[in-house]
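S.K.: Need the 3D shape of this:
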Amino acid sequence: MIRVLIVDDSALVRKVLTAELSKYGDIEVVGSAVDPYVARDKIVRLRPDVITLDLEMPRMNGLAFLAKLMKYYPLPVVVVSSLTPKNSENAIRALELGAVEVICKPGSAFRTPEISNQLIHAVRAAASARITKHRMDLETKAGAGDLHLQATDRIVAIGASTGGTQAIESLLKGLPRSCPGMLIVQHMPEQFTTTFARRLNQICEMEVREAEDNDQVMPGVALIAPGNRHMLLQQSGSHYQVRIKTGPPVNHQRPSVDVLFQSVARYAGASAIGVLLTGMGADGAKGLLAMHERGAYTLAQDEETSVVFGMPKEAIKLGAVDEVLPIQQIPQAIVTFLQKQGKGRNTYADRKEVGHA
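M.R.: Predicted coordinates:
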C-alpha cells in the first residue's frame, strides 16, 4: 500500500486529488495539509510514502519546503502545479531540488481523467524511486573536445521519464557541441518542456530547444519533444527532420519514447545511437529493440544511477541493449563510438568492439 499525504492550500484540489487517488486499491491517502507547517507535523506523525506538493502556498512556498524536506527528511515528492510560465520555472527548480515528478493541477489545461492517469502513474513511480540519487554528483565530461566528424547523417535518440531531467542534463553537459543531432523525449507536461529546454540551452555546449514541426536535425542541436505531442523522425531528401503530432498516448505517454525510437529505427537505422534512461514502465523498450535490430548502437542507464530502473530494465530484458552504463559514463561511450566509426557505417561487429574497448 502506498501512503500519500496531499499538501495544497486549495480545498478543492485536495478533494479532487483525494478522490482520484482513493479509486485505486494500492494507494491510501493518509492525510492532507494546507501548508508546509501543517505538512511537517503530519509527515512525522503519519509517515507517508509519497507527498504531493503544491508550489504556491501561504506561510512557506513549496520550493523552500522541498529544500528543507530533502535535507532533513527526504521523501518522494510529486509536484502538482498549474500551467503558467512562473510555475513551470518553479517546477523545473523543484525537480533539481529532488522532486520525482511534475504533473498538472486539476482545472489547468487538462481534463480530470487525464490528470488522474498522470497522477496515479506519478505516485506509483515516486513510491519506487531511489530518491537518494537526486543527491548524487552526476557531473560528467566526455573530455573529447571537438569530434571533428561530418555527423550530418548521424542521429542520437534519447528517452527518459521519472528522474530523467537530471539524467538528461548530466548527459548533455558531458557532450561536445560537435555531436550529431539529438532527439529527446522526456515525459513532462506541455509548457514545462519549453522551460526545461531553455534551461538546458543555458548550461550545455550544444544548442537545446523545444522541437517544432519540420525542424531539421542538425549537428550540435538537441531537440526536445514538446509536452503532450509525439515527436517522430522523417527523412526529407538528404536531410532528417522531425514531425510533431498529436494522436493517442502510447504506453500511456504523449510524447512517447517508443514513437520516437520506432521512427528513428525506420529512417536512420544503423546511423543512429539510442539511449534509454531512468523511468517507470516500459516506454522505449520495444523501440530501442527496433533500433538495435536495425544496427543502431544502443545504451541504457544502469540501476545504480537510475531513479527508477523500469524503462532500462525492460529494454535489457528484451535484449535491446549493447551497453548498460552509469549515467556519468554514457557521454564518453557515445563519443568513443563516434570516434571509432568516423564516417563509416555502424555494424554489429563495430558495436562489439566498442563494448569491449
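S.K.: Over to the residue of the chain most remote from its centre. Which of the three states is it?
M.R.: Distance to the chain centre peaks in the chain at residue 45, reaching 32.6 Å (criterion: C-alpha atoms, centre = their mean). Assigned with DSSP: H, G, I helix; E, B strand; the rest coil, residue 45 falls in the helix class.
S.K.: quick one: buried residues of stretch 296-307?
M.R.: By 16 or more other C-beta atoms under 10 Å, the buried positions in stretch 296-307 come out as 296-302, 305-307. C-beta: built from backbone N, CA, C; applies to glycine.
S.K.: again, but for stretch 38-48
M.R.: By neighbour count on 16+ other C-beta under 10 Å, the buried set for stretch 38-48 is 38-40, 42-43, 48.
S.K.: In CSV, list these along with distance to residue 333 and secondary structure.
M.R.: What follows is the buried residues of stretch 38-48, written out as CSV (distance: C-beta to C-beta, whole Å; DSSP: H, G, I helix; E, B strand; the rest coil):
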residue, distance to residue 333, secondary structure
38, 47, helix
39, 42, helix
40, 43, helix
42, 45, helix
43, 40, helix
48, 39, coil
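S.K.: Can you give me the distance of residue 203 to residue 313?
M.R.: 29 Å (C-beta to C-beta, to the nearest Å).
S.K.: which one of those two has more residues nearby?
M.R.: residue 313 (21 against 10; other C-beta atoms under 10 Å).
S.K.: what's the closest non-adjacent residue to the more buried one?
M.R.: Nearest residue to residue 313, sequence neighbours excluded (C-beta to C-beta, 6 or more residues apart in numbering): residue 303, at 7.2 Å.
S.K.: Equivalent analysis for residue 69, please.
M.R.: Distances taken as C-beta to C-beta, 6+ apart place residue 75 nearest to residue 69, at 6.4 Å, with adjacent residues excluded.
S.K.: Mind checking what secondary structure the one you found has?
M.R.: When classified by three-state DSSP, residue 75 comes out as coil.
S.K.: How about the contacts made by it?
M.R.: Residue 75 makes contact with 43, 48-51, 69, 131 under the criterion C-beta atoms under 8 Å, 6 or more residues apart in numbering.
S.K.: number of nearby residues for residue 248?
M.R.: The number of residues packed near residue 248 is 7, by other C-beta under 10 Å.
S.K.: What are the contacting residues of stretch 53-62?
M.R.: 7-10, 13, 34-37, 63, 65-66, 77-82, 87, 90-91, 94, 99, 105.
S.K.: No further queries at this time; thank you.
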